[in-house]
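S.K.: Have a look at this fold, sequence not included:
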């Protein structure tokens with residue numbers, strides 16, 4: 001739950017910064033520290049061992065929480081540092097989400113997502129990564145999800161990713177995902 005609440009706070013921060021501009025009222029270092037702590041808490045869950053291996057469904061849920069934490073790292077950085085294309089911290093977070101994607105695929109016992117929270121983290125990693133091989137791999141994952149019948153939103157996610165790639169390559173900076181959604185796919189829930 002804390003992962004989702006943190007993502008909601010990032011969205012509120014984006015909206016506040018868009019309305020008020022840069023402000024001395026906002027202490028970015030304290031929020032960034034909270035996000036780092038969230039990732040560490042999630043990492044402890046991922047590394048949790050019991051006498052027997054965790055049930056696949058439990059492991060699956062823990063990995064999604066871990067991926068959501070890394071999504072928060074990326075989204076926060078995109079809100080607070082929109083004029084850059086990326087940085088090492090976010091590239092590392094995107095790579096971790098891709099690793100989690102591979103493990104989740106091995107745990108999934110059906111072609112369907114098994115969670116309403118997936119594949120949101122993969123979309124965020126896809127928008128942030130600058131490696132064209134990783135970008136293609138992530139697009140291919142969404143194409144596969146679409147083929148497996150995950151819903152019409154996979155088609156929209158593919159279009160959104162492709163448009164973000166084009167705009168970011170052209171501008172050399174990050175794009176605002178909300179703005180790109182508004183002008184291409186319209187708002188949708190993934």
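M.R.: Thanks, I have the structure now. None of these values were measured; they are calculated from a predicted model.
S.K.: Got the phi and psi for residue 129?
M.R.: phi -60, psi 140 (degrees, to the nearest 10).
S.K.: Report the separation between it and residue 36.
M.R.: Look at residue 129 and residue 36: by CB to CB, to the nearest Å, they are 20 Å apart. Where you see a C-beta, it was placed from the backbone N, CA and C, and this is true even at glycine.
S.K.: Which one of those two is surrounded by more residues?
M.R.: residue 129 (23 against 14; other CB atoms under 10 Å).
S.K.: Next, count neighbours for the residue nearest to the more buried one when sequence neighbours are not counted.
M.R.: Excluding its sequence neighbours, the residue lying closest to residue 129 (CB to CB, 6 or more residues apart in numbering) is residue 94, at 4.4 Å. Counted with other CB under 10 Å, the burial measure for residue 94 works out to 27 neighbours.
S.K.: which ones are touching residue 94?
M.R.: Residues near residue 94 by CB atoms under 8 Å, 6 or more residues apart in numbering: 70, 74, 124-126, 128-129, 134.
S.K.: Nearest to residue 9, out of those: which one, please.
M.R.: Residue 9 lies nearest to residue 74 out of the contacts of residue 94, by CB to CB, at 14.5 Å.
S.K.: Okay, the closest one and residue 8: tell me how far apart.
M.R.: For residue 74 relative to residue 8 (CB to CB), the value is 15 Å.
S.K.: Looking at these two, which is more packed in?
M.R.: Taking neighbours as other CB under 10 Å, residue 74 and residue 8 compare with residue 74 leading, 26 against 10.
S.K.: after the lengthiest helix in the chain comes which helix or strand?
M.R.: Selection of the longest helix in the chain by residue count, based on DSSP state H, yields helix 56-80. Next along the chain after helix 56-80, taking DSSP states H and E as the criterion, comes helix 88-107.
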